[in-house]
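>>> build me a model from this:
(2 chains)
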Amino acid sequence: MIPEASVVIIGGGIVGTSVAFNLAKLGVNNISVFEKSYISSGSTGRCGGGIRQQWTSRMNVRLAMRSVKLFRQFKRDVGMDIEYHQGGYLLLAYSDKEMEEFRNNVRMQREEGLDVELLTKEQILKKFPFMNLEEVKGGTWCPTDAHANPQIANIAYAMAIKRMGVDLNTHTSVVGIDIQNGEIVGVQTDKGYVKTNVVVNAAGGFSHEVGLMANVNIPTHSERHQILVTESVNHVLDPMVISFQNNYYVRQTKHGSFIMGQSDKNPAQGNDLGHTVEFLEEMAPKMIHDFPFMKHLHIVRQWSGAYNVSPDAQPIIDEAQNVSRYIFAVGFSGHGFMLAPAVGEAVAEMIVYGHSKTTDISNLGMSRFANKIEKEHNVV
Amino acid sequence: MRHYEAVVIGGGPAGMMGSITLGGKDVKTLLLDENDVLGGQLVKQTHKFFGDHAHYASVRGFEIAQKLQEEMAKDPNIKVETSATVIGVYPNNLIVYAKDGKEFKVTYKKLLIATGAMEKQLPFINSDLPGVYGAGAVQTLMNEYGVMPGKRFLIVGSGNIGLILAYQLIQAGAEVRGIVEALGKIGGYEVHAKKIKRLGVPILLNHTIVKAIGDESVSGAVIAKIDEHFKPIPGTEEEKVVDTICVSVGLTPLSELAEQAGCKIEYIPQLGGYVPIRNERMQTSNPDVFIAGDLSSIEEATTAMIEGKIAALEMAHNLKSTDVENEINDEIQTLSLFRSGPKSEKIRIGLEKFGINVKPVPEIERHGVQIGPQGKLRAIIDCTEEIPCNSCEAVCPFGAIHIGENLNSTPVVDYDKCNGCATCVIACPGLAIHMLKEDVENSTALVGIPYELLPLPEKGQKMWALDEDGNYICDAIVKKIAKYPNKTNIIYVEVPLEFSQKVLSVEFPKRESPFVCRCEEVTLDEIERVIDSGITDFEEIKRLTRVTMGPCGGKNCKLVVLGILSRKTGVPISKLSHGTSRPPVKPVEFSLFTKRDDSK
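So this is what the prediction gives:
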């Protein structure tokens, strides 16, 4: 732990470490990162690992497209193989209405330059003959969507920033932010005090609480999402498959196991990371229905993680109005891993140049909540 | 009864070359061989041969046999009988042979015997157990018939046959646990020995096999160090877990037919044992009978072919007064060149006993290994033993390699002319040439290694780089795989600059470390490597290695991992975080949750 830092980042998850990585790349020295547990202990290490560009909000599409570019060269840039697999994403539609929505999404996504297309039920069956597509009308397909191992990606960033001289402190909790006359002067942790004028809140599931430490009321809250993993079997499924109707996402990892999850009806609020048997009872019949070969597949482990949810299910990336140089990149609503490379780049640019340069993220600020909220719909 | 001007017994390299030469001189010739295909020992030799480029150097043994056969097939003067076992040579130039269960008789004016040799025996306890083979038998099974007689081998004897067999066994996917050699130095060529040493095969000098272990078949071998009288030294015994023992302690000429044909036989140990007395032109004490190949002296296929040719030329001269003087003198000169190196000393001594002296030849030039100009892609030749071979000089398109008139000289490279084409690398029968290019700026080096094993690695794959003794020295990243029609491929790997002069071999990373997590096959090495890289959180180790993430949920291995972590960090296990236990405690099928018991 260094006594004085040019930037303090709170949170050693994928967003915090990506911000640190990009700041160090821009030549910033004396960066401190505080992680209250181990690397990938929070939402990053608990997530499904999808990397999707098919969104209903333009901003999410742009950020995700930039992230895919960076994920593609992650191994070269960051220095570790993160099991990145560009196997595409298949989104399933079950009604004419959903097909119509998908059609509109595809039009907008193509305007943004994304390689995405509508598929008929027959086209889907041809690609994935092992699926049971009863009730399915069609879907959308983006071959450049991908998935990777989020835990290894987080650890890869952590190892890279350590090599680059970043002061990374795990098992260190921030307990207070020292503010004088609306300006940050330091950060108090349970292991000591560090002087700084710049703080980044990348606290994921704890973003609201870390906001309150600086008297910034960030409109995020956390809720529990459950997830499971199966034994590993031969590779059959390239893409991540999502059904909003049946409420699931599923992918097969490089290792061969299937990872899948859903949104619980009444999710536990806050940072409760327990598990329920109802989750297994709800997942099992729909997975067996849509993927009949899974009937005898063994479930190996279930766990859960927090979605840090914002009012419109899009990230909030901004600098506080009432506290100078208090920056936050929070509220990813379950999609922080896939956006992290682009967000880390943008936030680092905000800190160094005063505004993001590579991807314009100005409309992800708090001011958007003053107007009518346009919600991202493609969320499981 | 048929009659031929010339009969040749034995269709190995000497007999085939003899037949071709006789046919070429218009001599009606019959070739008899007991095997169903011609070629003798050549058909089971998958390695490239040393020698003069004009005499099939760099060509694999079985391919030499094919080429000779093709030539023979074109010549109507040559009649071939295979599966024909000569059972005796009788008075009045009569040969009797068995074929298809019938007796055949044939007479000759001139006879060329090229019956070759057989493997010597070595007495040791339990040597009658199934699993004890002659090295040649294993080659026949493996290379001719595609049958592997075992998985783990011990080879007794480090002559060229033992060394080549070890290499071929590794190519076939077997494990060679070692070669024991009774003498204090390796018997075969240094380049053959180096080839297998860098693949990790230990060659134990001053060692012998004491006994084979096993009930129904070989399950092990006891080896021991020996003293100067070749007696095992008590207390030095060591058990090797092997299922096959290959004996290759030398060859001895098959001189029975020559003896029956009236040739005088003498015991000349330097030539291999009982050999027929003969003159420089391969004529024995019976003027109608000639010999060639291993029957006359245990040597290489190349010298056997030259001897076959000399004998045949002289036979043609005897039969038809054909003028062969210049041809014979040329061949004798070539043979002298082959025999002028230090490895042929025994042969020279043996021949002197017959009054045959090797002709004076140009002096052998000796050179050490050259490193050449750093930073240039170039060939590094690790060939410092005087053996008769000049294929590198012959194939170099730029004239950058010099050996000179005596092909026992070691090569010298002119690095101004070497342009890094690697033609010499793929031609070298000893695999003693590799490519090197240092990149000082990036502190790396590109090393191109000749590779004759399968499967080939993939570009980008991580391999282990090995030194001359097959020890791991560093990781190597595969940059390029250059494939060649002669099946000697080159794998170009990138290694750290400081190892550029040590890397001589690559292998797939081995998993010889104990498994800590059997579900996910995570080894102790992998876990220690992660901890050594600075990651000391159990949860992070788990996420990077998958340890404890398999179907057992860590029940088997979690404590072992925590123990390793505790040992390496000094933190007691009680103070280490050990993760969270999650359902299901035992893996269950999805279908379980569709068959619920909802009764109250």
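>>> buried ones in stretch A:280-295?
A:Leu280, A:Glu282, A:Met283, A:Ala284, A:Lys286, A:Met287, A:Ile288, A:Asp290, A:Phe291, A:Met294 (16 or more other Cβ atoms under 10 Å in any protein chain shown). Bear in mind the C-beta positions are built from the backbone N, C-alpha and C, glycine included.
>>> ah, wrong one, I meant stretch B:46-61
In terms of neighbour count (16+ other Cβ under 10 Å), stretch B:46-61 has its buried residues at B:46-53, B:55-61.
>>> widest-spaced pair of those?
Using Cβ to Cβ, the buried residues of stretch B:46-61 span at most 20.9 Å, a distance reached by B:Thr46 and B:Asp52.
>>> distance check, B:Leu592 against chain A.
When Cβ to the nearest Cβ, to the nearest Å is the yardstick, B:Leu592 and chain A sit 7 Å from each other.
>>> is the residue lying closest to that residue once chain neighbours are set aside in a helix, a strand, or coil?
Take B:Leu592 and drop its neighbours on the chain: the residue closest to it by Cβ to Cβ, 6 or more residues apart in numbering or on different chains is A:Ala284, 7.3 Å away. When classified by DSSP: H, G, I helix; E, B strand; the rest coil, A:Ala284 comes out as helix.
>>> if I look at A:Ala284, how far off is B:Thr594?
Using Cβ to Cβ, to the nearest Å, A:Ala284 is found at 6 Å from B:Thr594.
>>> same question for B:Ile347.
82 Å.
>>> the two: who's more crowded?
Between B:Ile347 and B:Thr594, B:Ile347 has the larger neighbour count (other Cβ atoms under 10 Å in any protein chain shown), namely 20 against 14.
>>> what about the residue positioned nearest the centre of chain B, which SS state?
Central residue of chain B (Cα atoms, centre = their mean): B:Ile164, 2.0 Å from the mean position. Assigned by three-state DSSP, the conformation of B:Ile164 is helix.
>>> where does the stretch 451-600 of chain B dip in pLDDT?
Along the stretch 451-600 of chain B, segments meeting pLDDT under 70 span B:511, B:600.
>>> chain A contacts on that one?
B:533-535, B:537, B:539-540, B:543-544, B:546, B:549-551, B:553, B:577, B:580, B:582-584, B:587-594, B:596 (Cβ under 8 Å from any Cβ of the partner chain).
>>> pull out the buried residues from those residues.
Buried by 16+ other Cβ under 10 Å: B:535, B:537, B:539-540, B:543-544, B:546, B:549-551, B:553, B:582-584, B:587, B:589-590, B:593, out of those.
>>> list the ones among these that fall in strands.
Judged by DSSP state E, those include B:Glu589 as members of strands.
>>> picking up where we left off before, JSON lines please, covering the buried residues of stretch A:280-295 and showing pLDDT and distance to A:Asp190.
Shown next, in JSON lines, are those (pLDDT from 0 to 100; distance: Cβ to Cβ, whole Å):
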{"residue": "A:Leu280", "pLDDT": "95", "distance to A:Asp190": "37"}
{"residue": "A:Glu282", "pLDDT": "96", "distance to A:Asp190": "39"}
{"residue": "A:Met283", "pLDDT": "97", "distance to A:Asp190": "38"}
{"residue": "A:Ala284", "pLDDT": "96", "distance to A:Asp190": "42"}
{"residue": "A:Lys286", "pLDDT": "96", "distance to A:Asp190": "44"}
{"residue": "A:Met287", "pLDDT": "97", "distance to A:Asp190": "43"}
{"residue": "A:Ile288", "pLDDT": "97", "distance to A:Asp190": "47"}
{"residue": "A:Asp290", "pLDDT": "97", "distance to A:Asp190": "47"}
{"residue": "A:Phe291", "pLDDT": "97", "distance to A:Asp190": "46"}
{"residue": "A:Met294", "pLDDT": "97", "distance to A:Asp190": "45"}
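>>> and which of these is nearest chain B?
Among these, A:Ala284 lies closest to chain B (Cβ to the nearest Cβ), at 3.5 Å.
>>> report the buried residues of stretch B:475-484.
Going by neighbour count (16+ other Cβ under 10 Å), the buried part of stretch B:475-484 is B:Asp475, B:Ala476, B:Ile477, B:Val478, B:Ile481, B:Ala482.
>>> mind checking the SS state of the fourth one?
At B:Val478, secondary structure determined by three-state DSSP is strand.
>>> do the same with the fifth one
Counting by three-state DSSP, the backbone at B:Ile481 sits in strand.
>>> specify the beta-bridge partners of it.
B:Ile491 (DSSP bridges).
>>> which parts of the stretch 301-450 of chain B are helices?
B:301-320, B:325-338, B:345-352, B:391-395, B:423-427 (DSSP state H, counting those that start in this stretch).
>>> now the angle from the first one to helix B:325-338?
What that stands for is helix B:301-320. 160 degrees (axes from the mean of the first three to the mean of the last three Cα atoms, to 10 degrees).
>>> can you list the helices and strands that helix B:301-320 packs against?
Packing partners of helix B:301-320 (3 or more Cβ pairs under 8 Å, 6 or more residues apart in numbering or on different chains; DSSP states H and E): strand B:2-9, helix B:13-24, strand B:102-113, strand B:289-291, helix B:325-338.
>>> turn these into JSON lines, including mean neighbour count.
Output for the helices and strands packed on helix B:301-320, formatted as JSON lines (neighbours: other Cβ atoms under 10 Å in any protein chain shown):
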{"stretch": "strand B:2-9", "mean neighbour count": "22"}
{"stretch": "helix B:13-24", "mean neighbour count": "29"}
{"stretch": "strand B:102-113", "mean neighbour count": "19"}
{"stretch": "strand B:289-291", "mean neighbour count": "30"}
{"stretch": "helix B:325-338", "mean neighbour count": "17"}
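>>> and B:Arg152, which of these is closest to it?
helix B:13-24 (32.3 Å).
>>> show me the domain layout of the chain.
All of this refers to chain A. Chain A resolves into domains spanning A:7-48+A:151-220+A:312-370, A:86-143+A:223-305 when parsed by automatic domain parsing.
>>> can you look at chain B instead?
B:2-117+B:252-352, B:121-249, B:378-507, B:511-600.
>>> got the contact list for stretch B:234-242?
With Cβ atoms under 8 Å, 6 or more residues apart in numbering or on different chains as the test, stretch B:234-242 has contacts from B:150, B:152-154, B:177-178, B:210, B:213, B:218-225.
>>> list the buried residues for it?
Going by 16+ other Cβ under 10 Å, stretch B:234-242 has these buried residues: B:Lys240, B:Val242.
>>> can you check stretch B:151-166 too?
Quick answer for stretch B:151-166 (16+ other Cβ under 10 Å): B:152-166.
>>> and what of stretch A:30-38?
Result for stretch A:30-38 [16+ other Cβ under 10 Å]: buried residues A:Asn30, A:Ile31, A:Ser32, A:Val33, A:Phe34, A:Glu35, A:Lys36, A:Ser37, A:Tyr38.
>>> intersect these with the contacts of chain B.
A:Tyr38.
>>> for chain B, state which of the buried residues of stretch A:30-38 is nearest.
Closest to chain B, out of all of these and judged by Cβ to the nearest Cβ, is A:Tyr38, at 3.9 Å.
>>> I'd say the closest one and B:Thr536 touch.
No. With contact defined as Cβ atoms under 8 Å, A:Tyr38 does not reach B:Thr536; the gap is 9.4 Å.
>>> now the helices of the stretch 301-450 of chain B in CSV, with mean pLDDT?
Formatted as CSV, the helices of the stretch 301-450 of chain B follow (pLDDT from 0 to 100):
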stretch, mean pLDDT
helix B:301-320, 96
helix B:325-338, 94
helix B:345-352, 95
helix B:391-395, 94
helix B:423-427, 96
